[in-house]
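Peer 1: A predicted structure for the sequence below; I have some questions about it.
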Amino acid sequence: MLNITTTGLYRSALSIFTCLSFLSVLIVPVATAAEQSEPTALVGGRLIDGFGNQPLANSVILVKNGLIEKVGTVDTLPVPTEYKIVSTEGMDVLPGLWENHAHLMLNGHANYKHWHKEYTPKLTNEIMPASAEQLLLAGITSARDLGAPLKDSITIKNKIDNGEIPGPRLFVSGPFLQHEAYPGTELYRWGVKNVEDAKKKVNKLADAGVDIIKLIDHDIMKIEVAQAIVDQAHKRNLVVVAHSHKPDEIRRGLEIGVDNFEHTGLTTAPEFPNDVITLLRERTAKGRIAGGPLYWTPTVEGLWNYDLTVANPERLDNTCWHRGLEQSTIDDIRGSLKNVGELEYMQLTPMRKPTLKRKIQQLKESGVVLLVGTDSGIPTKFHCQSTWNELAVWVNEMEISAMDTIRAATYWPSVLMKVNDKVGTVSEGKYADIIAVKGDVLRYINLLQHVDLVMKNGKVYKQDGKATADK
């Protein structure tokens with residue numbers, strides 16, 4: 001244990017270094033690559049590591065070459081002199097968040113037919129880069145993009161990986177696979193005719209570099225076709241996610257062995273049918289024998305918050321969603337949301353909202369592992385806002401503890417996506433994907449609407465609540 005004199009000197013040094021660091025950011029608006037690789041120490045905050053452990057007060061996290069080198073406290077882990085000190089005093093420090101159900105090809109516009117016609121040619125150069133940057137600055141350092149044209153998905157994923165554009169680590173599905181693509185959606189939805197076609201399309205996606213296969217309407221596929229999609233995806237080491245809007249999609253999905261269900265249903269039925277819950281309990285009871293936990297991304301915040309947005313549409317005026325978009329695009333999106341209470345897309349939502357608490361309770365009791373995801377990008381849902389709203393609804397409305405909610409947005413997604421050796425927790429040897437927020441997020445989860453620090457792969461993209469590119 002340090003004596004009072006030593007501790008006082010340490011704190012004084014920390015204050016000096018913090019002030020110098022802040023001044024350097026003001027003087028140099030955009031850091032060079034060499035500066036970004038500078039060894040860094042995050043010092044003083046309370047660490048919530050993602051494992052669910054007791055939070056670590058007065059933490060020290062040493063970051064070097066994009067990796068977390070060591071984790072300790074101010075009393076146990078001295079900061080080497082060559083490390084730049086970034087103060088996290090008064091903050092909670094967490095692993096970077098995951099958004100497990102995003103649509104980077106969408107930016108909240110209310111008219112899909114118009115959007116796809118006008119903006120598909122702009123996906124790679126404007127729309128998806130804007131979505132990616134908005135997610136990152138909201139504290140999302142990993143995201144699953146579940147549905148977009150294949151070429152655009154892979155291009156954006158590679159640009160982020162190569163450091164050409166800012167964004168979260170992307171895990172992409174490319175186009176949905178379904179019985180038959182809806183008219184006008186063939187670019188990002190692929191129909192599957194038979195078993196041979198199923199294997200061919202899965203291989204095409206895998207060869208292109210996707211991480212996920214997304215199934216919808218699999219209940220109307222022939223069982224052998226749906227099974228071939230899942231089996232081929234697993235042979236290619238891909239995760240299979242599936243819609244669960246209809247009870248038969250859940251029944252069929254369990255039969256063919258999908259890994260992760262999405263949503264809580266488009267219907268107004270007050271709960272999941274009893275036989276579905278029985279099947280879920282039987283599947284989760286098998287645990288590792290059945291290939292690991294069964295995951296579920298309920299995406300509830302859009303349904304829960306819609307009537308609140310109609311009552312108070314000021315949220316739509318938050319300019320965070322303008323970032324990266326051309327003015328004409330911003331005007332188009334804003335215009336589409338002018339009469340937010342009259343959106344055809346949302347008219348059934350007020351009838352679906354009362355079903356959510358019961359369905360979430362059923363899912364918790366069934367033993368599935370819940371993941372935080374939002375359908376970010378759909379009408380009224382902006383990438384800079386959606387994820388923290390989902391966290392808040394879970395904690396404040398669905399009676400899920402803040403710690404469990406945070407784990408559903410950090411640790412568990414990394415396990416499902418088979419990258420928990422690299423991300424998902426603040427641990428030695430993993431990528432330095434770290435966020436920090438002023439205050440106590442275990443008591444006030446809404447604080448995550450204003451993430452103060454965003455570090456991805458050791459590079460700081462946001463500090464003192466502002467994007468480093470803007471400083």
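Peer 2: Structure received.
Peer 1: With Gly367 as the reference, measure out to Ala290.
Peer 2: The gap separating Ala290 from Gly367 is 12 Å, by CB to CB, to the nearest Å. In short, each C-beta sits where N, CA and C put it, glycine included.
Peer 1: Please read the previous query as pertaining to Asn58.
Peer 2: In this view, Asn58 and Gly367 are 37 Å apart by CB to CB.
Peer 1: same check, this time on Pro121
Peer 2: Pro121 is 45 Å from Gly367, by CB to CB.
Peer 1: So for the two, which sits in the more crowded spot?
Peer 2: The neighbour comparison of Pro121 against Gly367 (other CB atoms under 10 Å) goes to Gly367, with 15 against 10.
Peer 1: How about the more buried one: what's its closest non-neighbour residue?
Peer 2: Once flanking residues are discounted, Gly367 sits nearest to Thr284: 3.3 Å by CB to CB, 6 or more residues apart in numbering.
Peer 1: thought Arg169 was touching Arg144?
Peer 2: No. Under the criterion of CB atoms under 8 Å, Arg169 is not in contact with Arg144, lying 9.9 Å apart.
Peer 1: Which one's more surrounded, the two?
Peer 2: Under the neighbour definition other CB under 10 Å, Arg169 and Arg144 were set side by side, and Arg144 has more, 28 against 24.
Peer 1: My reading is that the more buried one lies in a helix. Confirm?
Peer 2: No. Counting by DSSP: H, G, I helix; E, B strand; the rest coil, Arg144 is not found in a helix; it is strand.
Peer 1: could you pull out the strands for the stretch 301-450 of the chain?
Peer 2: Taking DSSP state E, counting those that start in this stretch, the strands of the stretch 301-450 of the chain run over residues 369-370, 434-438.
Peer 1: contacting residues for the nearest residue to Ala233 once chain neighbours are set aside?
Peer 2: The shortest distance from Ala233 to any non-neighbouring residue, by CB to CB, 6+ apart, is to Ile213 (4.2 Å). By CB atoms under 8 Å, 6 or more residues apart in numbering, the contact set of Ile213 is Ser173, Leu177, Val202, Leu205, Ile229, Val230, Ala233, Leu238, Val239, Val240, Val241.
Peer 1: which stretch of helix or strand covers Ile213?
Peer 2: Using DSSP states H and E, Ile213 maps to strand 212-215.
Peer 1: Export only the CA atoms of that strand, formatted as PDB.
Peer 2: The C-alpha trace of strand 212-215 is given here as PDB (Å, rounded to 0.1, in the frame of the first residue of the first chain):
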ATOM      1  CA  ILE A 212     -22.900 -14.300 -40.600                       C
ATOM      2  CA  ILE A 213     -25.700 -16.000 -42.500                       C
ATOM      3  CA  LYS A 214     -29.000 -14.300 -42.000                       C
ATOM      4  CA  LEU A 215     -32.200 -16.300 -42.500                       C
END
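Peer 1: Show the residue spans covered by the strands in the stretch 51-200 of the chain.
Peer 2: Under the criterion DSSP E, counting those that start in this stretch, the stretch 51-200 of the chain contains strands at 59-64, 67-73, 84-87, 91-95, 97-102, 140-145, 169-172, 176-178, 189-191.
Peer 1: Tell me which of the ones you listed lies nearest to Leu337.
Peer 2: strand 97-102 (18.9 Å; CB to CB).
Peer 1: tilt between that closest one and strand 140-145?
Peer 2: 20 degrees (axes from the mean of the first three to the mean of the last three CA atoms, to 10 degrees).
Peer 1: contacts for strand 97-102?
Peer 2: Outside strand 97-102, the residues touching it (CB under 8 Å, 6+ apart) are 131, 135, 138-146, 168, 262, 297, 299, 371-377, 383, 386-387, 409-410, 413-414, 424, 435, 448.
Peer 1: swap in stretch 299-311?
Peer 2: By CB under 8 Å, 6+ apart, the residues outside stretch 299-311 that reach it are 101, 262-264, 315-316, 340-341, 346, 349-350, 352-353, 356, 360, 373-375, 378, 380-381, 386, 389-390, 392-394, 397-398.
Peer 1: Report the buried residues of it.
Peer 2: By neighbour count with 16 or more other CB atoms under 10 Å, stretch 299-311 contains the buried residues Thr299, Val300, Glu301, Gly302, Leu303, Trp304, Asn305, Tyr306, Thr309, Val310.
Peer 1: Alpha carbons of stretch 220-232, as CSV, please.
Peer 2: The C-alpha trace of stretch 220-232 is given here as CSV (Å, rounded to 0.1, in the frame of the first residue of the first chain):
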residue,chain,number,x,y,z
ILE,A,220,-41.9,-21.3,-45.6
MET,A,221,-38.8,-22.9,-47.0
LYS,A,222,-38.7,-26.6,-47.6
ILE,A,223,-37.1,-28.1,-44.5
GLU,A,224,-34.2,-29.7,-46.4
VAL,A,225,-33.4,-26.3,-48.0
ALA,A,226,-33.3,-24.5,-44.7
GLN,A,227,-31.3,-27.3,-43.1
ALA,A,228,-28.8,-27.1,-46.0
ILE,A,229,-28.2,-23.4,-45.4
VAL,A,230,-27.5,-23.9,-41.7
ASP,A,231,-25.3,-27.0,-42.2
GLN,A,232,-23.3,-25.3,-44.9
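Peer 1: neighbouring contacts of it?
Peer 2: 177-179, 192-195, 197-199, 201-203, 213, 215, 218, 240, 252, 255-258.
Peer 1: run the last query once more with 6 Å
Peer 2: With CB atoms under 6 Å, 6 or more residues apart in numbering as the test, stretch 220-232 has contacts from Leu177, His179, Val192, Val195, Ala198, Lys199, Val202, His218, Val240, Ile256, Gly257.
Peer 1: Quick check: helices, which of those residues are part of them?
Peer 2: The helices, defined by DSSP state H, take in Val195, Ala198, Lys199, Val202, Ile256 from the contacts of stretch 220-232.
Peer 1: Pull the most distant pair out of those.
Peer 2: Pairwise distances across the ones in helices among the contacts of stretch 220-232 peak at 14.2 Å for Lys199 and Ile256 (criterion: CB to CB).
Peer 1: All the helices of the stretch 101-250 of the chain, residue numbers only.
Peer 2: 112-119, 128-137, 150-161, 195-208, 223-235, 247-256 (DSSP state H, counting those that start in this stretch).
Peer 1: so of those, which one's packed in deepest?
Peer 2: Most buried of those, by mean neighbour count (mean count of other CB atoms under 10 Å): helix 128-137, with a mean of 27.
Peer 1: Tell me where the model's unsure across this structure.
Peer 2: Along the chain, segments meeting pLDDT under 70 span 1-37, 288.
Peer 1: please redo it, this time with the cut-off set to 90
Peer 2: Applying pLDDT under 90 to the chain flags residues 1-38, 184, 265-267, 286-292, 469-471.
Peer 1: what residue lies at the spatial centre of it?
Peer 2: In the chain, the residue lying closest to the centroid (CA atoms, centre = their mean) is Glu99, at 0.9 Å.
Peer 1: in the sheet, who's paired with that residue?
Peer 2: Glu99 forms beta bridges with Ala143, as assigned by DSSP bridges.
Peer 1: distance of it from Trp388?
Peer 2: Distance, Glu99 to Trp388, by CB to CB: 10 Å.
Peer 1: With Ala102 instead?
Peer 2: According to CB to CB, Ala102 and Trp388 sit 14 Å apart.
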